[in-house]
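Engineer: Here is a sequence with its predicted model. Questions after.
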Amino acid sequence: MYEIFVLGELTVGDRHGYILQEILKSALGPFRQISAGTLYPLLSRLVEDGFIELRPESGSSGSRPRKLYAITESGRIRFRQLMEAPLEFQADTEILFQFKTVYFRYVSKEARLACMEQYLTYAQYKLKHVTDREFQLHMQRPEPEKQRAQLLRVLDYRKQIGAAEIEWVKQEIERMKAAAD
């Protein structure tokens, strides 16, 4: 998941590792952070795999030269492969989808629409899970009643969020279809 972010950011332009970390922290939000212990091994692996290169920054002053990461041509190919890969239904699907949407301008309209359609299926699957659970609670009527009632309220909240998400994705799909490529 972070690989697509790093390659996407380097497609935009060369970056220092700490800048990548700050952008990623901002993208993930206040409650999910990435540590240097996660990011820098990923950067090292991407360098070893030839997807990015590390080079000293020209004109840097001080005792230690600053290093820049830059994407290579094989990194651009890998990035397009990741962008065009189908979304899998897993814990990080929503974050991966958000990362992909940020970099949509680097892939074809067909790839963008495929991603949106896949995410629509994912969002519909999540909503079905919630409505199935709600149905079970109505049928089984577990005790205590107050707890069941509150759980139904939580499920209603999740249904409202899910329905709004599905509506947004459908609108984006229609917008993309209508837009010139």
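Structural biologist: Sure, I can see it. Residues are numbered from 1 along each chain as shown.
Engineer: Now stretch 121-139: buried residues?
Structural biologist: When burial is assessed from 16 or more other C-beta atoms under 10 Å, stretch 121-139 yields the following buried residues: 122-123, 126-127, 130, 134. Yep, even glycine has a C-beta here, placed from its N, CA and C like the rest.
Engineer: that's a strand at Leu68, yeah?
Structural biologist: Yes - counting by DSSP: H, G, I helix; E, B strand; the rest coil, Leu68 falls inside a strand.
Engineer: And the pLDDT for it?
Structural biologist: As predicted, Leu68 sits at a pLDDT of 93.
Engineer: In contact with it, which residues are there?
Structural biologist: Residues near Leu68 by C-beta atoms under 8 Å, 6 or more residues apart in numbering: 14-16, 54-57.
Engineer: Please apply the same query to Tyr2.
Structural biologist: Applying C-beta under 8 Å, 6+ apart to Tyr2 gives the contacts 24, 34, 38-39, 42.
Engineer: Mark which of these are part of helices, please.
Structural biologist: Mapping those onto helices (DSSP state H) picks out 24, 38-39, 42.
Engineer: okay, and the helix or strand of the chain with the least pLDDT?
Structural biologist: helix 17-28 (a mean of 89; mean pLDDT, DSSP states H and E).
Engineer: With just CA atoms, put that helix into PDB.
Structural biologist: Output in PDB follows, covering the C-alpha atoms of helix 17-28 (Å, rounded to 0.1, in the frame of the first residue of the first chain):
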ATOM      1  CA  GLY A  17      12.600  10.800   2.800                       C
ATOM      2  CA  TYR A  18      11.400  13.100   5.600                       C
ATOM      3  CA  ILE A  19       9.200  15.000   3.100                       C
ATOM      4  CA  LEU A  20       7.700  11.700   2.000                       C
ATOM      5  CA  GLN A  21       7.000  10.800   5.600                       C
ATOM      6  CA  GLU A  22       5.300  14.200   6.300                       C
ATOM      7  CA  ILE A  23       3.100  14.000   3.200                       C
ATOM      8  CA  LEU A  24       2.100  10.400   4.100                       C
ATOM      9  CA  LYS A  25       1.300  11.400   7.700                       C
ATOM     10  CA  SER A  26      -0.900  14.100   6.400                       C
ATOM     11  CA  ALA A  27      -2.600  11.800   3.900                       C
ATOM     12  CA  LEU A  28      -3.300   9.100   6.500                       C
END
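Engineer: which helices and strands does it pack with?
Structural biologist: Counting contacts by 3 or more C-beta pairs under 8 Å, 6 or more residues apart in numbering; DSSP states H and E, helix 17-28 is packed against helix 2-12, helix 36-48, strand 67-71, helix 93-102.
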